[in-house]
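[1] Predicted model follows, preceded by the sequence.
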Amino acid sequence: MWHNLAQLPRYRGLIQSLVARELKARYRGSVLGFFWSFVNPLLLLTIYTFVFTKILPGADKNLEPFAVFMFSGLLPWTWFSASLLEGSGSLISGGNLIKKVLFPAEVLPIVSVLANMVHFFLGLLILAAFMIYNQHFPDWGDMIWFPVVVLVQLIFTLGLTLMLAALTVHFRDIRDLLANLITLWFFATPIIYYYKMASVQSFAKFFNYNPFYHFAVSYQELLFFPGPFGHLSWLPVLAAGSIVLFLVGYWIFDRLRDSFAEAV
Amino acid sequence: MSAAIELTHVTKVYRRYGGRHFSTLKSALLRRSILQDLRPSETFPALTDVSFSVAKGSTFGVIGRNGSGKSTALKVIAGITKPTSGTVAVRGRVSALIELGAGFHPEISGRENVFINGIMLGLTKREIEKRFDEIVEFAELAEFIDAPVKTYSSGMYMRLGFSVAIHVDPDVLLVDEVLAVGDEGFTHKCLDKFGEFKRRGKTILLVTHSLGLVERFCDEAVWLDAGRKREQGDPKRVVGAYVTDVERQEEQFLASSEAKLTHDALEPGAQHPAEGPVHVGEGPGDMTTATEGRWGSGGVEISDVAFLGANGQPSHVFHTGEPFTLRFKVRAARPVQDFVFGVGIFNAEGVCVYGTNTDVEEYVADTLSGDAEVSVIVDALDLVEGTYKLDVAVHRRDGAPYDYHRLLYTFRVKSRLKDVGIYRPRHRWEFAGGVKLRLKP
């Protein structure tokens, strides 16, 4: 395992070009081309903003402007959930490579996660545009923590994706289960609602067990809420947990590695 | 000379998971068998204790039937799968032509795919840039290189895949039956490229069904049979041993299928010996409609049809130009005076290769009573390679059959040469003037 892990940096050229290919291929042949990576989150944002400001109004005054609040949590969530969904099936859809070419299998789920991270970064540009439009800016002093949170989320997502990708080769229905679980998880996480909302306080004690709660709140505190980065104290725990998850995920992946070429 | 590839007691056992091809988490949870389902339940040995080494700079052929473990051996050498036990050592950069263009993405252009495929095969971006023109030129795709790969024909796809793989400039090239793709011209180009590799002292491992290629091209060959090494050494000798074994198996197959065929057709005759029609005496009106069967009035019966080779032993596989004897027994229930023996040989397309009978060859029938034996002796079986079927009949001079066996017997003719047609007339070449040829060694 450690040996294989140490080999990973050698594949960065490969990973880089595959991520580029993934991004190119996704938007080639579509009318709006690369613009889709902006359109998708924008559309989501419009829908949620409409629903929560027009249909179900009465949102907390603290959440103004709502679009900026929601985008701070929605963008990392989209990165996370799309990575899991794509990554878990990546070994099966890339089966040809695993079976016919000498190919480091972990590259495939990693590429899924990284390609979605690029989308996340592009989404941040939209968020920035909204911030400028609404004249609502984060506290710049805390922004040094932003890359750290992104890095921790990357490690967390990679660990989970590697584990799921390896297991999906053997249990094909994981992808279907996952799609449902992710919807559930989304609503269990305070992304479209405020975690300090009165009506969720009775469930708030469960929040701490939801790892993505900590990510969502970290992003919201950094990007939206004024004041200091209060969730900072959770960051070391989150980082440690993510590293453990990554190692466990990679270990499972590594254990099942030899079966991929035969079971895919 | 040092070895470029070395397999030591390699065993590869393929595992099947959970009996079914795909398992589901739902069923695994319901049956509480997650760990079991991740553990192989059935095993299948693809390679068993195979050892061989390939000297650096040599060209090495791997032959064997389908499913004999050739491709598994290649995958093990390429590192795509790990051997269950034993060790594999490969020295130098390896490029495996197993599936061409395996990593191509259909939506993006040939140009981008060349880069990504090259990187997958272990080149750096700069190396690909340097070789790019050469790759495109070799693949003959200059006009289409910027079109998405999904618009390529399968031939174009293969050519591009081959071209990238071969320009990786490996020290060890693994080739799995990829020459079957592409037209004649491209195949020649590939062979030339292999020749160039050989001259430059690279090692080539060739998995192929083309035995001629192995004999011509390889310095050494190994024959795998059901996952085990059967022979290794001089390609001519190994190919010879392999061909002999294939013929033996074919012989068994033909004998058993013929036994089945004649058993089915002769069954009614066996039940009603001598008296009455063997079948209702109706043959097909048109003899060219080639369905096998047996019919006739049954006054005379044919049995024990056998092909004999040079050594007088019954056989079903012969070589072009060898002596060949067709022998069958006849039995007349009552003595008959009006009878003609006839035989016809048909090729696989149903074309009559040769047909004759004792009447057209001006034998006058005298008498036939009781048991008799008839042989047709051919000094040299001058047929090209192929599968042939046989008609045997005994009938009256006016054509009314006593017993007609239609296409019930099969034999195979093998030839070292790939000449075409049906008949191979005895011939030789003569050359005069400013022309010089010599036979291949």
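    Thanks, I have the structure now.
[2] wait, doesn't residue A:188 sit right on residue A:211?
    No. Using CB atoms under 8 Å, residue A:188 is not in contact with residue A:211, being 11.2 Å away. Where C-beta positions appear, they are placed from N, C-alpha and C, glycine not excepted.
[3] which stretch of helix or strand covers residue B:321?
    Using DSSP states H and E, residue B:321 maps to neither a helix nor a strand.
[4] Next one: it from chain A, what distance?
    As judged by CB to the nearest CB, to the nearest Å, residue B:321 and chain A stand 44 Å apart.
[5] wait, what's in contact with that residue?
    B:380-382, B:424 (CB atoms under 8 Å, 6 or more residues apart in numbering or on different chains).
[6] Drop anything exposed from the residues you listed.
    Buried members of the contacts of residue B:321, counted by 16 or more other CB atoms under 10 Å in any protein chain shown: B:381-382, B:424.
[7] List just the nearest of those residues to chain A.
    For the buried ones among the contacts of residue B:321, the minimum distance to chain A (CB to the nearest CB) is 42.0 Å, reached by residue B:424.
[8] Now that closest one. Its backbone dihedrals?
    phi -120, psi 90 (degrees, to the nearest 10).
[9] low-confidence ranges in the stretch 51-200 of chain A?
    Applying pLDDT under 70 to the stretch 51-200 of chain A flags residues A:58-60.
[10] now swap in chain B and tell me
    The model of chain B has pLDDT under 70 over residues B:1, B:16-23, B:32-41, B:178-182, B:265-291, B:441.
[11] Of all the helix elements in it, which one is longest?
    The longest helix of chain B (DSSP state H) is helix B:235-271.
[12] for that one, packing partners?
    Contact analysis of helix B:235-271 by 3 or more CB pairs under 8 Å, 6 or more residues apart in numbering or on different chains; DSSP states H and E lists strand B:59-63, helix B:211-217, strand B:220-225, strand B:228-233, strand B:293-295, strand B:300-308, strand B:317-319, strand B:401-414 as its packing neighbours.
[13] Just give me the neighbour total for residue B:386.
    18 (other CB atoms under 10 Å in any protein chain shown).
[14] So residue A:188 and residue A:211 - more neighbours on which side?
    Set side by side, residue A:188 and residue A:211 show more neighbours around residue A:211, with 20 against 15, by other CB under 10 Å.
[15] returning to what we had before: tell me the one among the buried ones among the contacts of residue B:321 nearest to residue B:172.
    residue B:424 (41.6 Å; CB to CB).
[16] and the spatially closest residue to the closest one that is not a sequence neighbour, backbone torsions?
    The spatial neighbour of residue B:424 that comes closest, neighbours along the chain excluded (CB to CB, 6 or more residues apart in numbering or on different chains), is residue B:382 at 4.7 Å. Main-chain torsions, residue B:382, degrees, to the nearest 10: phi -90, psi 60.
[17] Contact partners for residue B:382?
    B:320-321, B:423-426.
[18] Pipe the helices and strands packed on helix B:235-271 into CSV and attach mean neighbour count and distance to residue B:177 per row.
    Below are the helices and strands packed on helix B:235-271 laid out as CSV (neighbours: other CB atoms under 10 Å in any protein chain shown; distance: least, CB to CB, whole Å):
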stretch, mean neighbour count, distance to residue B:177
strand B:59-63, 26, 10
helix B:211-217, 17, 10
strand B:220-225, 23, 14
strand B:228-233, 17, 19
strand B:293-295, 21, 40
strand B:300-308, 19, 34
strand B:317-319, 20, 25
strand B:401-414, 22, 22
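[19] Close to chain B: what parts of the stretch 151-264 of chain A are there?
    Neighbours of chain B within the stretch 151-264 of chain A, by CB under 8 Å from any CB of the partner chain: A:167, A:170-174, A:177, A:256, A:258-259, A:261-263.
[20] make it 10 Å
    A:166-178, A:252, A:255-263 (CB under 10 Å from any CB of the partner chain).
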